[in-house]
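Student: The sequence isn't on hand, but the structure is:
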């Protein structure tokens, strides 16, 4: 598939998972794409945990739904009404989960490019996630990033050591379709902004000053 | 170009910039790709500052070279010898800089998907950066992420408000070639790891236990 088609077709997927199997070669290509991301000091500070077990996924889903309620409880009535219609995860419906973590010890202490910006390693992990997401899209798979969870809860669930930070739970698998419009826009939560609203020349110019 | 060709051809570029002009349409496609990234709660919390001015770039380059010395001073002799050969920026040689920032106020306070993970917005910005990087690669441009800088110094240089966080200075422009091997591997700083070293099934398994 053409590069820009993949990039613009990518969507955050929740309701569309079919649960159909993912071919092992396809999953390998997708994870290889993630692992080919750039990383600060070539540390490759990511790990990928492929989760298929129903029991683990059910436990995580229960935790996520509880966190969904925590968020909902803080919304005013109007927003709560919109939020009620929004699905925030497809943990059980997806074929599998890929949990991506950040290990700051890799390549430490002399991490080239991290002495002035401690978060640079965390940034690398996110680049790997976007590679994974786009590769999955190229393979016709959907990906949904779940972020309604406490890092410590996920750490405990998957035996992740205390020095390693969970960055994402990605729901991955075949989908009935990829929607044209982001879920949150479709449901009236927020809309996409024009590029020019976030573009600056030479210096940062506050929007009020333009 | 084919999606996987772009993904695996992408390189962190420093010495290869030619300084040739970047077509306005090409730059627009690349920034549009960045802006099409997924974001927590559809906040699109990024801004892009296109920097061409020589004076600004020279000031930033001087700051980066000073930080390079700070890092070099902390290395043991062996590493210092390797580091001496490594170029960490192409700020003046590249055609332009794109500074990417994170604005946590966008969509706040009710950011869907951020109540439990404060850094989720920062993660979104990195996804946009990887989209930019891959799109630039598809267009035949090089991108080099510079991270030898103090965030406050860059903030002052570009009038970035204190609530907005600089995440990257990306050198962007035509290149003589994209190297096959990452610079840091070519110079013997670190090597790429096999995918299986970072892959786990069902649970996190320490490498010593495998």
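Tutor: Thanks, I have it. Note that this is a predicted model, so its numbers are computed, not measured.
Student: In chain A, which residue sits closest to chain B?
Tutor: Taking Cβ to the nearest Cβ, chain B has its nearest neighbour within chain A at residue A:126, 3.3 Å off. C-betas here are computed from N, CA, C, even on glycine.
Student: Distance-wise, check that residue relative to residue A:1.
Tutor: According to Cβ to Cβ, to the nearest Å, residue A:126 and residue A:1 sit 23 Å apart.
Student: Taking the centroid of chain A, which residue is nearest it?
Tutor: Centroid check for chain A by Cα atoms, centre = their mean gives residue A:145 as the closest residue, at 3.4 Å.
Student: remind me which residues of chain A are low pLDDT?
Tutor: A:209-210 (pLDDT under 70).
Student: Could I get the full set of helices for it?
Tutor: Counting by DSSP state H, chain A has helices at residues A:3-9, A:24-35, A:54-73, A:77-83, A:120-138, A:151-157, A:183-186.
Student: With respect to burial, which of these scores highest?
Tutor: Highest mean neighbour count among the helices of chain A (mean count of other Cβ atoms under 10 Å in any protein chain shown): helix A:120-138, with a mean of 26.
Student: That helix vs helix B:120-138, what angle?
Tutor: 60 degrees (axes from the mean of the first three to the mean of the last three Cα atoms, to 10 degrees).
Student: between helix A:120-138 and helix A:24-35, how many degrees?
Tutor: Orientation of helix A:120-138 against helix A:24-35 (the same axes, to 10 degrees) gives an angle of 150 degrees.
Student: for helix A:120-138, packing partners?
Tutor: On a contact count with 3 or more Cβ pairs under 8 Å, 6 or more residues apart in numbering or on different chains; DSSP states H and E, helix A:120-138 meets helix A:3-9, helix A:24-35, strand A:46-51, strand A:96-102, strand A:141-146, strand A:165-174, helix B:3-9, helix B:120-138.
Student: now with 6 Å?
Tutor: On a contact count with 3 or more Cβ pairs under 6 Å, 6 or more residues apart in numbering or on different chains; DSSP states H and E, helix A:120-138 meets helix A:3-9, helix A:24-35, strand A:96-102, strand A:165-174, helix B:120-138.
Student: could those go into a markdown table alongside distance to residue B:12?
Tutor: Shown next, in a markdown table, are these (distance: least, Cβ to Cβ, whole Å):
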| stretch | distance to residue B:12 |
| --- | --- |
| helix A:3-9 | 19 |
| helix A:24-35 | 15 |
| strand A:96-102 | 19 |
| strand A:165-174 | 21 |
| helix B:120-138 | 9 |
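Student: out of these, which comes closest to residue B:195?
Tutor: Residue B:195 sits nearest to helix A:24-35 of all the helices and strands packed on helix A:120-138, at 4.8 Å, using Cβ to Cβ.
Student: gap between that closest one and the chain center?
Tutor: 16 Å (Cα atoms, centre = their mean, to the nearest Å).
Student: repeat for stretch A:141-159
Tutor: Computed by Cα atoms, centre = their mean, the chain-centroid distance of stretch A:141-159 equals 9 Å.
Student: Excluding its own residues, what touches that stretch? List them.
Tutor: Residues from elsewhere that reach stretch A:141-159 (Cβ atoms under 6 Å, 6 or more residues apart in numbering or on different chains): A:12-14, A:16, A:49, A:63-64, A:67-68, A:88-90, A:133, A:136, A:166, A:168-172, A:175, B:113, B:116-117, B:120, B:203-204.
Student: Give the PyMOL command for selecting the buried subset of those.
Tutor: Remark: buried members of the contacts of stretch A:141-159, expressed as a PyMOL selection using 16 or more other Cβ atoms under 10 Å in any protein chain shown:
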select buried, (chain A and resi 12+13+14+16+49+63+64+67+68+88+89+90+133+136+166+168+169+170+171+172+175) or (chain B and resi 113+116+117+120+204)
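Student: what comes into contact with stretch A:26-37?
Tutor: Taking Cβ under 6 Å, 6+ apart as the rule, stretch A:26-37 contacts A:48, A:127-128, A:131-132, A:135-136, A:139, B:7-8, B:195.
Student: Let's have those residues in TSV, adding distance to residue A:106.
Tutor: Below are these laid out as TSV (distance: Cβ to Cβ, whole Å):
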residue	distance to residue A:106
A:48	14
A:127	15
A:128	13
A:131	18
A:132	18
A:135	22
A:136	24
A:139	28
B:7	22
B:8	22
B:195	15
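Student: Which of these sits closest to residue B:179?
Tutor: The nearest one, if we look at the contacts of stretch A:26-37 relative to residue B:179 and count by Cβ to Cβ, is residue B:8, at 12.7 Å.
Student: which non-adjacent residue is nearest that closest one?
Tutor: Nearest residue to residue B:8, sequence neighbours excluded (Cβ to Cβ, 6 or more residues apart in numbering or on different chains): residue A:36, at 5.7 Å.
Student: Isn't residue A:67 up against residue B:115?
Tutor: No. Using Cβ atoms under 6 Å, residue A:67 makes no contact with residue B:115, being 7.5 Å away.
Student: Excluding chain neighbours, what is closest to residue A:177?
Tutor: residue A:16 (5.8 Å).
Student: Quick one: residues contacting the residue of chain A closest to chain B.
Tutor: Contacts for residue A:126 were tallied using Cβ under 6 Å, 6+ apart; they are B:123, B:126-127.
Student: Same list, these, but as a markdown table with distance to residue A:162 please.
Tutor: Listed next are the contacts of residue A:126 as a markdown table, based on distance: Cβ to Cβ, whole Å:
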| residue | distance to residue A:162 |
| --- | --- |
| B:123 | 21 |
| B:126 | 24 |
| B:127 | 26 |
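Student: quick one on the thing from earlier: the residue nearest to residue A:177 touches residue A:178, doesn't it?
Tutor: No. Counting by Cβ under 6 Å, residue A:16 stays clear of residue A:178, with 7.1 Å between them.
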